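# Sharing a model prediction with you, sequence too.
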Amino acid sequence: MKKFIIILLACLSLYMFFSKTNNQEDVRIPDSAIRFRVLANSNSPRDQKIKQDVRDKMQKELYTLLENTKSTKEARNLIQGNMDNFNKILQEEMADKEYSYTIDYGMHEFPEKTYKGITYEAGEYESLLVTLGEGKGDNWWCVLFPPLCLLEAEETTNTNEVEYKSFIKELIEKYF
C-alpha cells in the first residue's frame, strides 16, 4: 500500500510539474504595465558595467518610491513627479563618464525578451527609458508596475539562502 501511495504521489507531482511548465507560455505582461529600460552606450565591457551600475541605482530608488503603490495611475504619477530626482541620480552616476544620458517617460519601443523561459513580445510600451550615450549597446528592461523587477531587486538584497525540499524525496527516504 505504501508503494502504491508513493507511486501515486510521484505521478501527481509529475503531472503538476508538466502542467505548470506548459502554463508558463501563457504569461503575459498586462497592457497597463509600466516598464523600465536602460540602453547602454555600446557593448564594451565598460559600457555594460556603467549600464548595470545605473540600473542598480535607479532600481533601488524606484523600489523605495513604488513599493507601496496600488495602481498604474499612482505609479505613473509618482514616476512623473520624481523625474527631477531621477535626473539627479543619473547626473551623479554619470558625472565622471565621457558621454551623456537622457531620461524620458512615455511610450517607447521594446525588443522581444525571453526571461526565465517566458518570451515577452516586442512592441511600444509605457516606460521610463534611460539612454546612455549613443544607446547602441545591449539593453536591460523589466516591469516596474506591477512590480516584477522591483520584487527581483528586493530578492537580490536579501542575503539569506533559500532551501528547497522535495516532498517526494522525503517520502522515499522515510519509507525506503
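Perfect, thanks for sending it.
# could you show me where the strands are in the chain, in order?
Along the chain, the stretches classed as strands by DSSP state E are 34-39, 101-110, 113-115, 118-120, 123-132, 139-145.
# looking at those, which is closest to residue 46?
Closest approach to residue 46 among these (C-beta to C-beta): strand 123-132, 11.1 Å. C-beta coordinates here come from the backbone N, C-alpha and C atoms, glycine included.
# Tabulate the strands of the chain (TSV), appending mean neighbour count.
Shown next, in TSV, are the strands of the chain (neighbours: other C-beta atoms under 10 Å):
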stretch	mean neighbour count
strand 34-39	22
strand 101-110	15
strand 113-115	13
strand 118-120	14
strand 123-132	20
strand 139-145	22
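# Distance check, residue 76 against residue 145.
Separation of residue 76 from residue 145 (C-beta to C-beta, to the nearest Å) stands at 8 Å.
# With mean pLDDT as extra columns, can I get the strands of the chain in CSV?
Listed next are these as CSV, based on pLDDT from 0 to 100:
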stretch, mean pLDDT
strand 34-39, 94
strand 101-110, 95
strand 113-115, 76
strand 118-120, 78
strand 123-132, 95
strand 139-145, 86
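# circling back to that earlier point, spit out the residues that contact residue 76 and residue 145 alike.
Counting by C-beta atoms under 8 Å, 6 or more residues apart in numbering, the shared contacts of residue 76 and residue 145 are residue 34.
# so what's the nearest residue to residue 126 once chain neighbours are set aside up against?
Excluding its sequence neighbours, the residue lying closest to residue 126 (C-beta to C-beta, 6 or more residues apart in numbering) is residue 34, at 5.3 Å. The contact partners of residue 34, by C-beta under 8 Å, 6+ apart, come to 72, 75-76, 79, 126-128, 143-145.
# Below-threshold pLDDT in the protein: ranges please.
Along the chain, segments meeting pLDDT under 70 span 1-2, 4-6, 8-28, 148-176.
# now the helices for it?
With DSSP state H applied, the chain shows helices at 2-23, 45-66, 72-81, 83-94, 148-157, 167-175, listed in chain order.
# beta partners of the residue nearest to residue 126?
residue 145 (DSSP bridges).
# So it versus residue 142, what's the distance?
Relative to residue 142, residue 34 is positioned 10 Å away (C-beta to C-beta).
# And residue 128, by the same measure?
Between residue 128 and residue 142 the computed distance is 11 Å (C-beta to C-beta).
# Which neighbours do those two have in common?
Common neighbours of residue 128 and residue 142, using C-beta under 8 Å, 6+ apart, are 35-36.
# Could you dump the strands of the chain into TSV and include distance to residue 91?
Converted to TSV, those look like this (distance: least, C-beta to C-beta, whole Å):
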stretch	distance to residue 91
strand 34-39	15
strand 101-110	9
strand 113-115	28
strand 118-120	31
strand 123-132	12
strand 139-145	20
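# All set now, cheers.
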